[in-house]
Each structure stands twice: as structure tokens, then as C-alpha cells.
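Colleague: All I have is the shape, not the residue letters:
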């Protein structure tokens, strides 16, 4: 695959942060204004958040966005 057309992979630590705070997916979803399904898909890596959602999660967890979401370089 041509590196210019390769879609970058973004990993995230949402599941770990949520679990560390003792929240359910439903709880976290309510706090950031999305559905539980959105949180579930985000945690499984099948959904990339909007910038707005990434910023809301960073603010909620009191972490920089780049400590929650990491752009993985293609090998």
C-alpha cells in the first residue's frame, strides 16, 4: 500500500481511564454528551472521535489530548 494513502491508526486509553475512575460506559457517555454505543466503539477502536469529543474527554479526565489519543506511525 502506498504510504500516502494509508490511513493512520489512532490508539486511545479511554477504556483504561474510564475504568480507573469507576465509571460505566453509560456514565462516561452522559458526562461528555454522547451515546454509550459511541463510547463502546471508541474504546474498541472502531470509531475516531471528533475534535470536539476528544477535547471533551481530555477536559473530563484532566489530561492532554495527546496522552489519551496516540497517532501510531505506519511500519
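Modeller: Cool, the structure landed. Here the structure is a predicted model, which means the values were calculated and not measured. Residues are numbered from 1 along each chain as shown.
Colleague: So residue 34: helix, strand or coil?
Modeller: Put simply, residue 34 is coil when judged by DSSP: H, G, I helix; E, B strand; the rest coil.
Colleague: Now do stretch 27-35: everything it contacts.
Modeller: 14, 18, 23, 36, 38-39, 53, 56-57, 60 (C-beta atoms under 8 Å, 6 or more residues apart in numbering). Any C-beta I mention is one placed from the backbone N, CA and C, and that applies to glycine too.
Colleague: Apply the buried test to the residues you listed and list what passes.
Modeller: Neighbour counting by 16 or more other C-beta atoms under 10 Å classes 14, 18, 23, 38-39, 53, 56-57, 60 among the contacts of stretch 27-35 as buried.
Colleague: Which parts of the chain are helices?
Modeller: Ranges of helices in the chain, per DSSP state H, are 14-20, 25-32, 36-44, 51-61, 65-68.
Colleague: With adjacent residues omitted, what lies nearest to residue 17?
Modeller: In space, residue 17 comes closest to residue 61 once its chain neighbours are excluded; the distance is 5.0 Å by C-beta to C-beta, 6 or more residues apart in numbering.
Colleague: mind listing what that neighbour touches?
Modeller: Counting by C-beta under 8 Å, 6+ apart, the residues that residue 61 touches are 17, 21, 68.
Colleague: Now a PyMOL select for only the buried ones of those.
Modeller: Entered in PyMOL, the line below selects the buried ones among those, by 16+ other C-beta under 10 Å:
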select buried, resi 17+68
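Colleague: With distance to residue 45 and pLDDT added, can I get the contacts of residue 61 in TSV?
Modeller: As requested, those are arranged in TSV below (distance: C-beta to C-beta, whole Å; pLDDT from 0 to 100):
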residue	distance to residue 45	pLDDT
17	15	98
21	20	97
68	13	97
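Colleague: Let me know the closest of the contacts of stretch 27-35 to residue 73.
Modeller: Ranked by distance to residue 73 (C-beta to C-beta), these are led by residue 14 at 20.6 Å.
Colleague: mind listing what the closest one touches?
Modeller: 28, 39, 42-43, 57, 68.
Colleague: So for the nearest residue to residue 49 once chain neighbours are set aside, what's the pLDDT?
Modeller: Excluding its sequence neighbours, the residue lying closest to residue 49 (C-beta to C-beta, 6+ apart) is residue 42, at 5.9 Å. Among the per-residue scores, residue 42 holds a pLDDT of 96.
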